[in-house]
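S.K.: what's the 3D shape of this:
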Amino acid sequence: MTARLRVLLDATSVPPTQGGVARFIGGLLQGLDELGETIDVVAKRADIPAFAAVAPSHNYIVAPPLTNRRPLRLVWEQLGLPALARRRGALVIHSPHYTFPILGAAAHVVTVHDATFFSSPDVHGRVKGIFFRTWIRLAARMATSLVAVSQATASDLARFVRIPAAGIQVAHLGVDERVFSPPTADAVAAVRARIGLQPDAPYLAFLGTLEPRKNVPALLAAHATLRQSDPTTPVLVLSGARGWDERAAEILDELSTIPLPQRPVIEAGYLPLELLSAFLGDSAAVVYPSLGEGFGLPVLEAMASGAAVLTTRRLSIPEVGGDAVAYSEPDAGALATALRALLDDPDRRAELAAAGIERSALFTWSECARRYCEAWRSAESTRS
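M.R.: Predicted coordinates for the structure are as follows:
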């Protein structure tokens, strides 16, 4: 019988919006549950119910309130987290979002989600880029093991940080088919009511934070071109928080002055997890024109929801989409041409939707968890 994992996972980095980091941690914990593996998890009090709902078998520890403030969380990570690991008898601390405690007797396993801080520094803010490049370099030198979310990310880490590629574990993210699957009529009605769309009005969907690398200005320009030549082109609905893409914000502010019935672009804002599958799956197409992704979880979730997806071949996305999505260059002209072709070909959209569902089934949280178990057990062997 395999010994119980002596791992403490630090889930205190989850942001209030419960975005991608929360989705990753919840999926990983769920996958561990499916494998019958149990670990210790320290998290903010407000986050524990959501994690426990999908993965009840783990030992959840309430983090001190100071972790709700980012600067203090980073201090606690360096001092309080190693102390907690000692008290719990943990041999491994897993840090799922770049930063990790430099001191302490436990082995350190660190997840790296994205190497575009090195390969495409211009799509990140200056301070953010410096912060994450610094921590990735520290992890490369000091952590027991690094886990990348895609082979593309692992290759870029090897290239830019000069880590032997063989020393980086790759664990693809997964998708929960109970959450992301072709939507029911009731779910579709609920999301349309939330957005303010008529029952039969077609729309194009984008899911993600409005940040420069998501390439939203090019998408908006492509959509405007299509609408100019064909006013029946479906409206574009953007779901996600406004980030730091000033150009996208300027365009959207201009569009917001148009009365709603005639407005070509709708900002739906942050949609709750339970509505995302219907939002993606009921669209005429999901368009994700990213300039580079560490993994590309929205692409996978759209595929699982039965959407036809148009995206780019940048970095990890072909690793996820394979032949089950349509591709375009990321400039506005190419996006307009590819999107027009997809809208004019319902058979192609249906073909992509079916292929996406089939391919998405290859990406499971249990397989992701299995690979983390390998990384943790290897790290444990250095401390036992």
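
S.K.: helices or strands up against the lowest-mean-pLDDT helix or strand in the chain?
M.R.: Of all the helices and strands that make up the chain, helix 246-255 has the lowest average by mean pLDDT, DSSP states H and E, namely a mean of 81. Helices and strands touching helix 246-255, by 3 or more Cβ pairs under 8 Å, 6 or more residues apart in numbering; DSSP states H and E, are helix 216-229, strand 265-269. From N, CA and C alone the C-beta is placed, and that goes for glycine too.

S.K.: For residue 366, give me its contacts.
M.R.: Each residue near residue 366 by Cβ atoms under 8 Å, 6 or more residues apart in numbering is listed here: 31, 34-35, 174.

S.K.: Please give me every residue in contact with residue 94.
M.R.: Each residue near residue 94 by Cβ under 8 Å, 6+ apart is listed here: 7-10, 39, 109-111, 372, 376.

S.K.: hmm, which two among these are most spread apart?
M.R.: For those, the farthest-apart pair by Cβ to Cβ is 39 and 110; their separation is 15.7 Å.

S.K.: just checking, residue 342 touches residue 328?
M.R.: No. Here residue 342 lies out of contact with residue 328, judged by Cβ atoms under 8 Å, at a distance of 9.2 Å.

S.K.: what sits in contact with each of those two?
M.R.: Shared contacts of residue 342 and residue 328 (Cβ under 8 Å, 6+ apart): residue 310.

S.K.: Can you give the contact residues for the longest helix along the chain?
M.R.: Counting by DSSP state H, the longest helix found in the chain is helix 70-88. Applying Cβ under 8 Å, 6+ apart, the contact partners of helix 70-88 are 8, 10, 12-13, 40, 42, 61, 63-64, 66-67, 93, 95, 99-106.

S.K.: Just the buried ones from those?
M.R.: Neighbour-count burial (16 or more other Cβ atoms under 10 Å) applied to those gives 8, 10, 12-13, 40, 42, 61, 63, 67, 93, 95, 99-101, 104, 106.

S.K.: Going by distance to residue 183, which of the residues you listed wins?
M.R.: Ranked by distance to residue 183 (Cβ to Cβ), the buried ones among the contacts of helix 70-88 are led by residue 13 at 30.6 Å.

S.K.: isn't there a helix covering the closest one?
M.R.: No. With DSSP: H, G, I helix; E, B strand; the rest coil as the criterion, residue 13 is assigned coil and is not in a helix.

S.K.: and the gap between it and residue 24?
M.R.: Distance from residue 13 to residue 24, counting by Cβ to Cβ, to the nearest Å: 10 Å.

S.K.: hey, what's in contact with both of these two?
M.R.: Taking Cβ under 8 Å, 6+ apart as the criterion, residue 13 and residue 24 both touch residue 96.

S.K.: highest average neighbour count across the helices and strands packed on helix 246-255?
M.R.: helix 216-229 (a mean of 20; mean count of other Cβ atoms under 10 Å).

S.K.: so what secondary structure elements neighbour that one?
M.R.: strand 203-207, strand 235-239, helix 246-255, helix 332-343.

S.K.: is it possible to export these to a markdown table including mean neighbour count?
M.R.: Below are the helices and strands packed on helix 216-229 laid out as a markdown table (neighbours: other Cβ atoms under 10 Å):
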| stretch | mean neighbour count |
| --- | --- |
| strand 203-207 | 24 |
| strand 235-239 | 22 |
| helix 246-255 | 14 |
| helix 332-343 | 19 |
